[in-house]
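# Would you be able to build a 3D model of this:
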Amino acid sequence: MAKRKQKNVEVERQLKKRRMIFRLISIFVAAGIVAAIGIGIWVVQDSRWIMRYDGGRVSTNDFRAIHDIFFGGDPAPQSREGAIEILQQIIALQDRAARHNVGFTAEERENAAMSANWNIRFDAQMQFGFDVVPYISDERLGELFFMDPLLARLMDIYVPTYILDEEEIAPLLEAYLEENLDRYLDLQVHILILEEFEEAEEAHGLIGTMDFEEIIRLFTPGIEEDFAEDEEIPTTDAVQFSNWIDDPDDKAHLLGLQPGEYSRIVEWYGDGMLLYMLFHAVSREEPDPEVAEASFRENLIDSGRDTVFDDLVVGWVEEANFRINTRGYNTTVQ
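All right, here's what the predicted structure looks like:
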């Protein structure tokens with residue numbers, strides 16, 4: 001009896017030991033599963049970040065958008081490095097704007113998202129037939145690509161003025177006025193554009209026999225859909241239009257028209273085809289050299305401010321201490 005009792009105690013002890021071992025094994029197995037899941041989640045989560053820096057981390061999708069839009073997704077190392085550099089500058093600028101509390105307003109953020117949808121997503125869909133950046137929201141696209149409000153405010157903070165070197169710019173100003181004064185001419189014209197040279201010759205032959213607006217209406221079917229018969233046809237800025245004319249003689253001829261004068265037939269390659277144009281000068285205001293000089297100085301000042309500001313941005317990127325996340329970077333390799 002005592003032996004049987006001792007044997008039962010021993011059996012019970014062995015069973016407890018086995019149950020303990022089983023529980024320990026179960027715990028270790030469960031811990032391994034949890035660890036494996038945790039590692040898997042960490043790997044997935046970690047691959048979502050392209051780089052880290054002192055102020056936080058940057059999404060892989062931000063990099064993909066920059067890389068796809070600026071570099072067409074080119075897998076070449078220099079393209080990927082270029083995308084990284086651009087993204088680092090954007091992040092540094094956004095952090096600097098946040099530091100000075102001059103980030104996007106609610107209205108600017110909304111406008112940026114709309115611009116991103118229209119100018120990036122919609123344009124790509126029209127051109128390629130699909131969305132080239134389906135992995136990123138309009139809001140984030142807007143923050144990445146339409147930062148003009150932030151840039152303007154940061155420029156005013158860091159580079160509010162730029163002093164020109166008068167000795168240095170004097171010869172540049174003289175050359176600029178000599179070559180570009182015509183750009184400040186205000187010449188308003190009526191214009192008739194035709195596809196056939198014979199029609200252009202016929203229209204030109206009618207000059208002097210009827211008002212030029214009547215000639216335009218005669219040779220432009222359906223113009224009444226835009227302008228009723230009693231409405232005046234609006235004028236065109238000849239200076240802006242002349243930028244599209246390749247022939248220097250034709251350009252000079254157009255810009256030399258005086259009020260009331262008509263042009264000869266001018267050829268122009270537009271929309272992939274040869275077109276023929278006639279111009280009638282409606283009004284003319286000669287360029288003011290002082291206005292041209294003021295514009296020249298303003299452009300030089302803006303260029304100087306941009307140069308100084310660009311150097312500052314390079315410094316901000318270095319200060320941010322960006323560190324590339326290899327796992328996130330490698331997931332974007334196509």
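
# Please determine how far Gly56 is located from Thr220.
The gap separating Gly56 from Thr220 is 59 Å, by Cβ to Cβ, to the nearest Å. To be clear about C-beta, it is placed using only N, CA and C from the backbone, and glycine gets the same treatment.

# Which is the succeeding secondary structure element to the top strand by length along the chain?
The strand that spans the most residues within the chain, counting by DSSP state E, is strand 273-285. Downstream of strand 273-285, the first helix or strand assigned by DSSP states H and E is helix 289-320.

# buried sites along that following helix?
Ala292, Phe296, Leu300, Gly304, Arg305, Phe309, Leu312, Val313, Trp316, Val317, Ala320 (16 or more other Cβ atoms under 10 Å).

# wait, isn't the last one in contact with Arg52?
No. At 10.0 Å, Ala320 and Arg52 do not qualify as touching, with contact defined as Cβ atoms under 8 Å.

# Tell me how far Leu150 lies from Pro134.
Leu150 sits 26 Å away from Pro134 when distances are taken as Cβ to Cβ.

# Which parts of this protein belong to which domain?
49-161+309-331, 186-285 (automatic domain parsing).

# Can you lay out the ones you listed as CSV showing mean pLDDT?
Formatted as CSV, the domains of the chain follow (pLDDT from 0 to 100):
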stretch, mean pLDDT
domain 49-161+309-331, 93
domain 186-285, 91
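
# Would you mark the buried spots in stretch 209-221?
By 16+ other Cβ under 10 Å, the buried positions in stretch 209-221 come out as Phe212, Glu213, Ile215, Ile216, Arg217, Phe219.

# which other helices and strands contact the particular helix or strand that has the second one in it?
In this structure, Glu213 is located in helix 212-219 according to DSSP H and E. Other elements packing on helix 212-219 under the criterion 3 or more Cβ pairs under 8 Å, 6 or more residues apart in numbering; DSSP states H and E are strand 186-194, helix 197-205.

# who touches the last one?
For helix 197-205, the external contacting residues (Cβ atoms under 8 Å, 6 or more residues apart in numbering) are Leu192, Leu194, Ile215, Leu218, Phe219, Tyr262, Arg264, Ile265, Tyr276, Met277, Leu278.

# one step back: out of Leu150 and Pro134, which sits in the more crowded spot?
A count of neighbours by other Cβ atoms under 10 Å puts Leu150 above the other of Leu150 and Pro134, at 22 against 7.

# three-state assignment of that one?
Secondary structure, DSSP: H, G, I helix; E, B strand; the rest coil: Leu150 is helix.

# I figured it hits Val102, correct?
Yes. Shown here, Leu150 and Val102 form a contact pair, counting by Cβ under 8 Å, at 6.7 Å.

# how about the helices in the stretch 1-150 of the chain?
Along the stretch 1-150 of the chain, the segments classed as helices by DSSP state H, counting those that start in this stretch run 2-46, 60-71, 77-99, 106-116, 123-128, 138-145, 148-158.

# Leaving out chain neighbours, which residue sits closest to the spatially most central residue of the chain?
Nearest to the mean C-alpha position of the chain, counting by Cα atoms, centre = their mean, stands Phe145 at 5.1 Å. Nearest residue to Phe145, sequence neighbours excluded (Cβ to Cβ, 6 or more residues apart in numbering): Ala116, at 6.1 Å.

# Next, count neighbours for that neighbour.
24.

# what sits against it?
Ala116 makes contacts with Asp138, Glu139, Leu141, Gly142, Phe145, Phe146, as judged by Cβ under 8 Å, 6+ apart.

# can I get the residues you listed in CSV with distance to Arg284?
Putting the contacts of Ala116 into CSV (distance: Cβ to Cβ, whole Å) gives the following:
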residue, distance to Arg284
Asp138, 46
Glu139, 48
Leu141, 45
Gly142, 43
Phe145, 41
Phe146, 38
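
# And for Asp54, the neighbour number?
10.

# Return the distance of it relative to Gln258.
Taking Cβ to Cβ, one finds Asp54 at 65 Å from Gln258.

# is it true that the residue nearest to the centre of the chain touches Asp68?
No. Using Cβ under 8 Å, Phe145 is not in contact with Asp68; the gap is 11.7 Å.

# Please report phi then psi for Arg264.
With angles defined as degrees, to the nearest 10, Arg264 sits at phi -70, psi 180.

# What residue, apart from its backbone neighbours, is nearest it spatially?
Excluding the flanking residues, the one nearest Arg264 by Cβ to Cβ, 6+ apart is His253, at 6.6 Å.

# Tell me who's in contact with that neighbour.
His253 touches Ser263, Arg264, Val266, counting by Cβ under 8 Å, 6+ apart.

# out of those, which are buried?
For the contacts of His253, buried by 16+ other Cβ under 10 Å: Ser263, Val266.

# of the contacts of His253, closest to Ser283?
Each of the contacts of His253 was scored against Ser283 by Cβ to Cβ, and Ser263 proved nearest at 15.1 Å.
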